[in-house]
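1. Predicted model and sequence below, questions to follow.
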Amino acid sequence: MNPNLSHLNQKQQVAVLSESKQLLVLAGAGSGKTKTLLQKLLYLIEEKEVSPNHILTITFGKETANEMLDRLLLATDETGAYSKVLTDPSLSKKEKDLERHFFIKKYKWIDNLTLKTFHSFCYQILRNYGVKEFDNKFKIINDNSKKDEFLTTSATESATDVLHKIIIEECANSEYLLDLKRYVLDYLSYDLRKKKNNILNTYEESKKYISLNGTKVRSKSEQYIADWLYRHNIVFKYEKPTNLTGDFDFKPDFFIPEADIYLEHVSEKSYPSKQKEAQYKKTNRVLEKTFEKQAQDTALFNLELDRIVKGRLPSNYHYKVSLSFEEEFKNFNKEIKDFINLAMSVMHKAKVENQSPEKLYTKSQTDQHERVRKFYQLAIPIIEKYQEYCTNKSYMDFDDLISKTISLLKNQKDIKEKFQQQYKYILVDEFQDVNTLQVELLKQLHHSENQLFCVGDDWQSIYGFRGSNVDYIVNFSDYFPEAKTIKLNLNYRSTEHIVNAGNEVIANNKFKIEKEIISSKKSDSKIHIYSGNTEEDNVDFLVDQIQQLQQEKEYKNDDILILYRSSKMYYPYQNRLKKEGIFISRKSIHASKGLEAKAVFVIGMTSGLGGFPDVRMGDRIFQVIKPSNHDLLMEEERRLFYVAITRAKDELFLITEKGNESPFLKEIPNNVRHNINKPLRLLNPEKKLCQSCNHQINEKFLFCPHCGENQ
Ligand SMILES: Nc1ncnc2c1ncn2[C@@H]1O[C@H](COP(=O)(O)OP(=O)(O)OP(=O)(O)O)[C@@H](O)[C@H]1O
């Protein structure tokens, strides 16, 4: 272990040596934030003789925590044995994890460090000290996502299972069930909506409203009548072909057999009903009429419908219908799933923003749209019951881990003091991605006499959609008033063209901290921007360039990285790369944080929906929790682009489609770009076709990489 500060540049050294109680190390990509944080850790232990027990290091992902542990082990293990473990290709990830565990145990000082993710840190606190706040033998409930961090203490049921169960229970109340069904029919059922929007050309197709029992009717008011009858357990026939006198066929709007009543609803669109009325009269039948005007006021309309059937049905006709969830929703499994997913997202977002279901409900009811109000009327009771259920079963989800730890520290001063005394140094990586709960937790843990050391890059904040808020880093001193900031502006990773392109791109964002990042490397080549005429051209180009890098520059698989905004963009490339025997790392940009490679290909640089940027404002339902803003979402997309291009050390390729280029490409300055528009055939005239399979190959190849035939 050697905290040799001469490896650091001057500003990095200042950060390591700083005694500030609240410090933000703010830097551009590749400027050594992680390196500085680790050096700080080593310096504290080695030079300042701080006990590892007094240091808390927090990271975002488990991978990053492991990477930091690896870097500490490598710096400590002078035998070289750990280095061998890490580079041993025969060891699986699981085996390497196990080895890491053994090595940590061997080096006591590393074992005594608290180097954890926010979640695993809170998990540990609640297990050991949370008994007054919650059952400390809690289990983790998650939403079917891949987090396997706490596998051994996970609940056997998922959050979705629980919500589903609760909805079924809630539907024992017929009012709730019918309201949910109305919501599903009105707002979630895609097939019905599709039908509604179609041009209606036949009389039958113009029945575009669907009532609770599945009857298709012609107007919203008729739907209301049908629903009212169904809710009151009254059997009815709609537009049943009828002939009362034997010489005239017609279709009454409604017929209620039990009461022997015919009901016609009259609106401006109704056909004249004189002939029908004559039939009823001739045969002495009871005809009742309702009018469109009455339907405007549901309270009055209810009374009117009640008056119509009163006295003609058994007196208990209005007794609540007993309906079964299974029966009512048997054709709507997908819609119920969508409703549950929406309720889950709302619950998650509300927790991250620290908003109670009660408060959310009140806010939602002032929304001008019925759909939004109705959603919350249905979802809030479910969310409240879900919380009760989880408490009863001692379940906690990932958000609860943090919020319960916060309330533990707030409610129990002795425990809070214990942690404040213990953690004299709190080091936080990737600070740009914190959310409201995480900032609150840090405030609770940080004592004014201790040091809070945060590193991050506001230009790389890309998790706003998951609840993180770039404001915490941009306005750090609003939240930590004693704060000092050190800016690291020397990029060690990328060539000057790439660094300049990054600076120029991010200059288009308004909500940021100004910094001028400088490169430490001269550029050999410009940024390659390829716009093919077809998808095939793009695939050809990517394959060709990878082969050239491998053959001419001897790049290994690890030296090349393919990045995309969304995984769909990779589909056209997938099979071809496999066919060509090219096994290169590929990642979504969100998952590429902290990574670097000699050559980076960013594919799918197109415009429009599903391209890049891909700004989606989300469902209005979420606006109740936190209003979204198009410009801010656009800035987050641009930061995502910045993260993508700054992963490249030497070569950067941006692949787009001619005529459909991403607007971000225009932001790359002309003096650092190399535009390529021609298809590969014209680019590389020295290419030839394989004699056996006709595949286009490099002139120099002795065999075809596609079919293997000698040339
Ligand atoms: N003072 C330095 N001298 C030489 N190389 C350095 C120095 N500081 C950092 N580096 C190198 O620069 C590269 C980037 O460093 P590091 O990963 O710590 O940056 P980062 O700021 O965390 O990056 P990003 O935020 O883009 O993921 C690494 O290869 C690292 O070893």
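-> That came through fine.
2. Within range of the ligand, give me the residues from the stretch 601-711 of the chain.
-> T646 (Cβ under 6 Å from any ligand atom). No exception for glycine: its C-beta is placed from N, CA and C like everyone else's.
3. Leaving out chain neighbours, which residue sits closest to the residue in the stretch 251-400 of the chain that the ligand sits nearest to?
-> Closest to the ligand within the stretch 251-400 of the chain is V352: 23.4 Å, counting by Cβ to the nearest ligand atom. In space, and not counting its chain neighbours, V352 is closest to G467: 3.6 Å by Cβ to Cβ, 6 or more residues apart in numbering.
4. Please apply the same query to G456.
-> Closest to G456 by Cβ to Cβ, 6+ apart is F431, at 3.3 Å.
5. for the residue nearest to S273 when sequence neighbours are not counted, helix, strand, or coil?
-> Spatial nearest neighbour of S273, chain neighbours left out: E264 (5.7 Å); criterion: Cβ to Cβ, 6+ apart. Under DSSP: H, G, I helix; E, B strand; the rest coil, the three-state class of E264 is strand.
6. ok, E264 - how many residues close by?
-> E264: 17 surrounding residues under other Cβ atoms under 10 Å.
7. With L56 instead?
-> Neighbourhood size, L56 [other Cβ under 10 Å]: 23.
8. L633 and R639 touch, don't they?
-> No - contact criterion Cβ atoms under 8 Å: L633 and R639 do not qualify, at 10.7 Å.
9. These two - which one has more neighbours?
-> For L633 and R639, the more surrounded residue by other Cβ under 10 Å is R639, and the numbers stand at 25 against 18.
10. so that one makes contact with N509?
-> Yes - with contacts counted by Cβ under 8 Å, R639 reaches N509, the gap being 7.1 Å.
11. that older thread, contacting residues around the residue nearest to S273?
-> By Cβ atoms under 8 Å, 6 or more residues apart in numbering, E264 lies in contact with 252-254, 270, 273, 276, 287-290.
12. Can you check which residues contact both of L633 and R639?
-> By Cβ under 8 Å, 6+ apart, no residue touches both L633 and R639.
13. Can you report phi and psi for the residue of the stretch 251-400 of the chain closest to the ligand?
-> Note on V352: backbone dihedrals following degrees, to the nearest 10 are phi -60, psi -40.
14. What's the first helix or strand after the lowest-mean-pLDDT helix or strand in the chain?
-> Using mean pLDDT, DSSP states H and E, the weakest-scoring helix or strand in the chain turns out to be helix 190-197, at a mean of 53. Using DSSP states H and E, the helix or strand that directly follows helix 190-197 along the chain is strand 209-210.
15. residue contacts, the residue lying closest to R565 once chain neighbours are set aside?
-> Excluding its sequence neighbours, the residue lying closest to R565 (Cβ to Cβ, 6+ apart) is F612, at 4.1 Å. By Cβ under 8 Å, 6+ apart, F612 lies in contact with 565, 604-606, 637, 640-641, 662, 664.
16. Need the residues that contact the longest helix that the chain contains.
-> For the chain, the helix with the greatest residue count under DSSP state H is helix 370-393. For helix 370-393, contacts defined as Cβ under 8 Å, 6+ apart pick out 134, 139, 141, 155, 159, 162-163, 166-167, 169-170, 176, 179-180, 183, 186-187, 339, 342-343, 346-347, 350, 357-358, 360-361, 364-365, 367, 395-397, 400, 620-621, 624.
17. of these, buried ones?
-> Of the members of those, the ones counted as buried by neighbours, 16 or more other Cβ atoms under 10 Å, are 134, 139, 141, 155, 159, 162-163, 166-167, 170, 176, 179-180, 183, 186-187, 339, 342-343, 346-347, 350, 357, 360-361, 364, 367, 395-397, 400, 621, 624.
18. Got phi/psi on the residue of the stretch 101-250 of the chain found nearest the ligand?
-> Relative to the ligand, the nearest point of the stretch 101-250 of the chain is L115 (15.9 Å; Cβ to the nearest ligand atom). With angles defined as degrees, to the nearest 10, L115 sits at phi -120, psi 100.
19. Next: N677.
-> According to degrees, to the nearest 10, N677 has phi -120, psi -20.
20. any idea how far H446 is from the residue in the stretch 501-650 of the chain positioned nearest to the ligand?
-> The stretch 501-650 of the chain approaches the ligand most closely through G594 (4.2 Å), counting by Cβ to the nearest ligand atom. Going from G594 to H446 by Cβ to Cβ, to the nearest Å gives 25 Å.
21. Direction included, what does the longest strand anywhere in the chain pair up with?
-> Ranked by residue count under DSSP state E, the longest strand found in the chain is strand 648-657. Applying DSSP bridges to the sheet, strand 648-657 is found paired with strand 527-532 (parallel), strand 597-602 (parallel).
22. which of these is buried the deepest?
-> Neighbour counts (mean count of other Cβ atoms under 10 Å) averaged over each of these peak at strand 597-602, with a mean of 24.
23. partner residues bridging L24?
-> Under the criterion used (DSSP bridges), L24 bridges to C454, T485.
24. Neighbours of it, how many?
-> When neighbours are counted by other Cβ under 10 Å, L24 registers 25.
25. can you pull the contacts of it?
-> Neighbouring residues of L24 by Cβ under 8 Å, 6+ apart: 431, 454-456, 473, 476, 480, 483-486.
26. what does Y176 give?
-> 170, 378, 381.
27. hmm, try it at 6 Å
-> Y176 makes contact with E170 under the criterion Cβ atoms under 6 Å, 6 or more residues apart in numbering.
28. what does K330 give?
-> By Cβ under 6 Å, 6+ apart, the contact list for K330 is empty.
29. and the strands paired with strand 648-657 as CSV, adding distance to K33?
-> What follows is these, written out as CSV (distance: least, Cβ to Cβ, whole Å):
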stretch, distance to K33
strand 527-532, 24
strand 597-602, 18
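30. Let me know which of the ones you listed is the nearest to M68.
-> strand 597-602 (20.1 Å; Cβ to Cβ).
31. Show the subsequent helix or strand relative to that closest one.
-> Proceeding N to C from strand 597-602, the next assigned helix or strand is helix 620-623, under DSSP H and E.
32. Which residues of the protein lie near the ligand?
-> 7-9, 12, 27, 29-35, 457, 460, 492-493, 594, 646.
33. Next step: those restricted to helices.
-> Secondary structure from DSSP H places 12, 33-35 of the residues of the chain next to the ligand in helices.
34. okay, among these, which ones form the most distant pair?
-> The largest separation in these, counting by Cβ to Cβ, is between Q12 and T34 at 11.1 Å.
35. Not counting its neighbours along the chain, what's nearest the residue of the stretch 501-650 of the chain closest to the ligand?
-> Counting by Cβ to Cβ, 6+ apart, T64 is the residue found nearest to G594 once chain neighbours are left out, at 6.4 Å.
36. how much space between the one you found and H590?
-> On the measure of Cβ to Cβ, T64 and H590 end up 14 Å apart.
37. for F121, same thing?
-> To H590, F121 is 23 Å away according to Cβ to Cβ.
38. Looking at those two, which is more packed in?
-> The neighbour count for F121 versus H590, taken as other Cβ under 10 Å, is higher for F121 (22 against 16).
39. Helix or strand: which one has the more buried one?
-> F121 belongs to helix 118-129 when assigned by DSSP H and E.
40. what is the mean pLDDT for that helix?
-> Averaged across helix 118-129, the pLDDT comes to 95.
41. What is the subsequent helix or strand relative to it?
-> Assigned by DSSP H and E, the successor of helix 118-129 is strand 139-140.
42. which other residues reach that following strand?
-> Residues outside strand 139-140 that contact it (Cβ under 6 Å, 6+ apart): 150, 153-155, 395.
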